[in-house]
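In: only the shape, not the letters, is given here:
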């Protein structure tokens, strides 16, 4: 067990104040627990708009959060595995760029994995899982109908709905890969929303996916899972191409 600096660190406490379900942190945490807190905080900051290429200095982050450098280093390693951070030896860590090639690779893999998981899961879902899926779909409606859409809540409910289907496939390794690539893709999905795509547009397709799963239409579920991904690709690719052209113009000027 290790104690965070400053009796666990009021700065770390403040950093996690906005995390749903977390109100206080124990004064004594394992290094794994502290790393998880730091990881979630930094991941959230990157997803909410830190600039690609922005430096993530180990000592600075540790001081800001009131922890030692060890959990920060471990959190940065996890973020690197998620594709959100680049670690370049002596240059240190930076926020990873938004790359058209990276985006297309991620979504090509997701199409294969999630289409297959949707097909297998829909065939094998229990009645209880189908009922729960309907409940989560209703929760999605509730989030969207609120005065101010909470994107974190929306994505959490959306992912739970998909996981209910994918888990029913009973392929643990495939599910782990789906979750890994979904984490890597989240920044691009948020980019689509920033580029004008609305949650309402996404919600219509999520409802169709839910209907196919609940009705046992495995072919429809597979098609909907893939079309959801393709739909995002259609909206993000032009944004990335435009940003790439802008970057090249700046470099040449």
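Out: Arrived safely, thanks for sending. Everything numeric in this text was worked out from a predicted model, so none of it was measured.

In: CA atoms for contacts and neighbours, from now on please.
Out: Will do.

In: just the helices in this structure please.
Out: Assigned by DSSP state H, the chain shows helices spanning 10-15, 31-47, 58-65, 69-81, 100-124, 127-145, 151-167, 172-194, 199-214, 218-252.

In: among the ones you listed, which comes closest to residue 90?
Out: helix 58-65 (11.7 Å; Cα to Cα).

In: summarise which helices and strands the closest one is packed against.
Out: Contacts defined by 3 or more Cα pairs under 8 Å, 6 or more residues apart in numbering; DSSP states H and E place helix 58-65 against helix 10-15, helix 69-81.

In: how far away from the center of its chain is that helix?
Out: Offset of helix 58-65 from its chain centre (Cα atoms, centre = their mean, to the nearest Å): 24 Å.

In: list the buried residues in that helix.
Out: Under the neighbour-count criterion of 16 or more other Cα atoms under 10 Å, helix 58-65 has 58, 61-62, 65 buried.

In: can I get these in JSON lines including distance to residue 163 and pLDDT?
Out: Shown next, in JSON lines, are those (distance: Cα to Cα, whole Å; pLDDT from 0 to 100):
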{"residue": "58", "distance to residue 163": "35", "pLDDT": "92"}
{"residue": "61", "distance to residue 163": "33", "pLDDT": "94"}
{"residue": "62", "distance to residue 163": "34", "pLDDT": "92"}
{"residue": "65", "distance to residue 163": "33", "pLDDT": "90"}
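
In: low-confidence ranges in the stretch 101-250 of the chain?
Out: 195-197, 244-250 (pLDDT under 70).

In: show the backbone phi and psi for the spatially closest residue to residue 125 that is not a sequence neighbour.
Out: Distance criterion Cα to Cα, 6 or more residues apart in numbering; nearest residue to residue 125, sequence neighbours excluded, is residue 168 at 5.3 Å. With angles defined as degrees, to the nearest 10, residue 168 sits at phi -70, psi -10.
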